[in-house]
Each structure stands twice: as C-alpha cells, then as structure tokens.
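Q: sequence unknown, structure follows:
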C-alpha cells in the first residue's frame with residue numbers, strides 16, 4: 001500500500017475517474033503553500049479526510065493518504081528529512097503533502113513573516129513554531145487561481161491540526177491560519193470566499209521596502225507571475241498610503257485577470273478619485289524591484305496627462 005501511494009505521489013500511474021489520485025508529472029514547478037505548526041507534527045489520515053470533507057460541500061468526497069517516512073539512521077547535517085508524505089485529493093485537484101518534525105528554515109520564514117501585516121506578537125509566535133507542512137499543487141486544474149484556491153482549502157483543513165500560520169514563500173507573505181477556516185459570514189461557501197480574496201493577500205504578496213538613501217517607502221508585489229500577471233510597484237511618501245496602494249494593486253490585478261488584457265510601459269489610467277498613474281518599466285539601478293516576471297512601476301501624474 002505504501003509503495004502504491006509513493007508511486008502515485010511521484011506521478012507514476014494513470015489517473016482514472018473514481019480511482020486513487022495520481023500526482024500530475026507534467027507539473028515541474030508547482031505552486032505551493034506552507035503551514036507553521038505550534039505543536040509537534042501529528043497528522044492522521046482519517047482525521048484530515050474528515051476535516052477536508054467538512055470544509056465545503058464540493059469536497060465531500062475528498063481523501064487524504066499519508067505515508068510516515070522511517071527515520072534516516074544516518075541523517076545528513078543541515079538537511080531536513082520529511083517525516084510525512086502523502087496526497088490530498090478531490091475532483092480534479094491533487095495536492096502533495098510533505099511534513100517535517102522540525103521548523104521551517106528561519107530565513108524563509110522571516111522573508112514571509114517580517115513584512116506581514118499582523119501584530120508583532122504573532123510574528124514572534126511564527127518564528128517559534130515547532131514543525132511545518134508543505135503543500136504543492138499536483139492536480140489537473142489549469143487555472144492558477146483555482147490551483148491556489150484548492151491549496152488554500154487544503155491548508156485551511158490541515159491547519160486544524162496545530163497550524164497557526166500559512167505562508168506563500170514565493171509571494172513573501174503570511175496570514176494567520178484561522179483566516180482560511182470557514183466562517184459564518186461565508187454562508188457555507190468558503191471556496192467562494194477564497195476566490196474573492198484580494199490577490200496580494202495570499203496568492204501573491206504586498207511588501208513595503210525602505211531603501212537606504214531614498215526618502216519614502218517603496219511598495220511592491222511579489223509572485224504575481226505565478227498567476228500570469230505582472231508585479232507592480234509604487235514609491236510612496238510614507239507608510240500611511242499602504243492600504244490605499246494595496247487596494248490599487250488589488251484592483252489592477254483583478255482587472256487584468258478578469259479582462260485578459262495587458263498593461264505596457266507608458267499606459268496611463270485613473271485608479272481613484274483624482275488619482276491618476278502612468279506605468280513604466282523598472283530601471284536597472286532599481287535592484288530592489290527585481291521580479292521573476294514583469295515589473296511595472298506606477299507613478300502619479302496630473303489628470304491632464306492621462307491618455308497622452
């Protein structure tokens with residue numbers, strides 16, 4: 001049984017309707033989310049399956065299969081070995097689960113937690129986590145947003161077993177795990193609520209940067225390329241524009257995703273009441289705006305310069 005699960009974990013086999021899930025071997029660079037647990041790692045496949053099926057009606061036939069990896073008698077220094085490997089699946093979604101009894105590498109945690117927009121005490125709690133679980137999308141959905149929604153639903157389900165925070169390492173962002181739990185105001189449609197999240201909340205990230213020698217604050221996104229979208233940046237005079245800039249970026253990303261259109265350097269637009277912007281490419285010296293995809297820098301302009 002264990003050999004069969006590991007074969008399917010590594011994409012060996014042919015997925016069949018109603019059959020056991022098989023990870024998609026064509027996904028060579030999958031998106032992922034990470035969970036930080038306050039407690040030692042202790043996942044039970046039956047309990048995780050129940051949490052998944054309780055999460056949403058569309059997941060009523062979800063399954064969780066876990067393989068407990070025997071300890072390595074000769075572990076290599078500095079290399080964390082997984083203690084749990086497995087598959088979560090429902091409908092067209094398959095998600096790889098890799099659990100570790102040790103904390104996540106501190107540099108990776110810091111990159112996500114330090115810029116996160118929650119209380120310093122919560123950040124300390126995140127830094128002191130006991131174990132972690134990594135989730136990777138391995139299913140057959142083509143839409144990257146739907147892949148992220150499936151990952152978030154799986155993370156919200158697994159989080160009931162001791163996780164306090166969910167990270168998106170690519171996006172350099174973190175959220176309290178309870179945000180991904182179903183709430184009464186969601187009306188029983190937590191998957192719909194996840195689809196309605198502002199993209200820079202979890203599926204990509206929003207980070208503020210203070211650059212030495214430059215007044216003001218740079219605000220930028222990370223990880224938008226995983227959604228087929230550009231990253232955005234804005235040089236604000238101060239931190240007080242953080243919420244407004246987050247909303248502008250969220251609206252721009254949602255517009256591009258829903259319309260299928262593209263922005264190019266030189267485009268101008270109205271983004272709010274008496275707020276107008278022009279987009280440009282980042283300059284070579286703006287190393288802090290490097291992106292794995294396209295980066296567009298938004299600059300304020302007078303209303304009269306729109307469409308010129």
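A: Sure thing, it's come through. Not measured: the values here are computed from a predicted model.

Q: And residue 28, how far from residue 149?
A: 21 Å (Cβ to Cβ, to the nearest Å). Any C-beta I mention is one placed from the backbone N, CA and C, and that applies to glycine too.

Q: actually residue 214, not the one I wrote
A: Applying Cβ to Cβ to residue 214 and residue 149 gives a distance of 37 Å.

Q: Settle it for me: which of those two has more neighbours?
A: Taking other Cβ atoms under 10 Å, residue 214 and residue 149 do not tie; residue 149 has more neighbours (22 against 12).

Q: Going by residue numbers, what spans are strands in the stretch 201-308 of the chain?
A: Counting by DSSP state E, counting those that start in this stretch, one finds strands in the stretch 201-308 of the chain at the ranges 205-209, 217-222, 231-236, 268-272, 275-281, 295-301.

Q: Report the angle between the third one and strand 295-301.
A: Looking back up the chat, that one is strand 231-236. 40 degrees (axes from the mean of the first three to the mean of the last three Cα atoms, to 10 degrees).

Q: again, but for the first one
A: Going by the same axes, to 10 degrees, strand 205-209 is angled at 60 degrees with respect to strand 295-301.

Q: Now do strand 205-209 against strand 217-222: the angle between them, please.
A: Using the same axes, to 10 degrees, strand 205-209 lies at 150 degrees relative to strand 217-222.

Q: What residues of stretch 187-204 count as buried?
A: 190-191, 193-194, 197-204 (16 or more other Cβ atoms under 10 Å).

Q: so can I have a markdown table of the strands of the stretch 201-308 of the chain showing distance to residue 158 and mean pLDDT?
A: Formatted as a markdown table, the strands of the stretch 201-308 of the chain follow (distance: least, Cβ to Cβ, whole Å; pLDDT from 0 to 100):
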| stretch | distance to residue 158 | mean pLDDT |
| --- | --- | --- |
| strand 205-209 | 21 | 95 |
| strand 217-222 | 24 | 97 |
| strand 231-236 | 29 | 97 |
| strand 268-272 | 37 | 90 |
| strand 275-281 | 39 | 95 |
| strand 295-301 | 33 | 96 |
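
Q: and those as TSV, adding mean neighbour count and distance to residue 255?
A: Below are these laid out as TSV (neighbours: other Cβ atoms under 10 Å; distance: least, Cβ to Cβ, whole Å):
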stretch	mean neighbour count	distance to residue 255
strand 205-209	20	17
strand 217-222	24	14
strand 231-236	22	12
strand 268-272	14	9
strand 275-281	17	13
strand 295-301	18	13
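
Q: check contacts around residue 92.
A: Contact analysis of residue 92 by Cβ atoms under 8 Å, 6 or more residues apart in numbering lists 139-141.

Q: which one is it nearest to, not counting chain neighbours?
A: Leaving aside its sequence neighbours, residue 92 sits nearest to residue 140 (Cβ to Cβ, 6 or more residues apart in numbering; 4.6 Å).

Q: In a markdown table, list the strands of the stretch 201-308 of the chain along with distance to residue 45.
A: Shown next, in a markdown table, are the strands of the stretch 201-308 of the chain (distance: least, Cβ to Cβ, whole Å):
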| stretch | distance to residue 45 |
| --- | --- |
| strand 205-209 | 32 |
| strand 217-222 | 34 |
| strand 231-236 | 38 |
| strand 268-272 | 48 |
| strand 275-281 | 48 |
| strand 295-301 | 42 |
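
Q: out of the ones you listed, which comes closest to residue 154?
A: Smallest distance to residue 154 across these (Cβ to Cβ): 19.6 Å, for strand 205-209.

Q: Going along the chain, name the helices of this protein.
A: All helices of the chain, identified by DSSP state H, fall at 2-9, 45-55, 106-113, 120-127, 144-158, 190-195, 242-259.

Q: Pipe the contacts of residue 92 into CSV and attach neighbour count and pLDDT per row.
A: Shown next, in CSV, are those (neighbours: other Cβ atoms under 10 Å; pLDDT from 0 to 100):
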residue, neighbour count, pLDDT
139, 26, 97
140, 17, 97
141, 17, 97
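
Q: Switch those residues over to TSV; also include distance to residue 266.
A: Formatted as TSV, those follow (distance: Cβ to Cβ, whole Å):
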residue	distance to residue 266
139	39
140	39
141	35
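
Q: Dihedrals phi and psi, the residue nearest to residue 92?
A: phi -120, psi 10 (degrees, to the nearest 10).

Q: And for residue 274?
A: Torsion angles, degrees, to the nearest 10, at residue 274: phi 60, psi 30.

Q: excluding its backbone neighbours, what's nearest it?
A: Closest residue in space to residue 274, ignoring its immediate chain neighbours: residue 303 at 7.1 Å, by Cβ to Cβ, 6+ apart.
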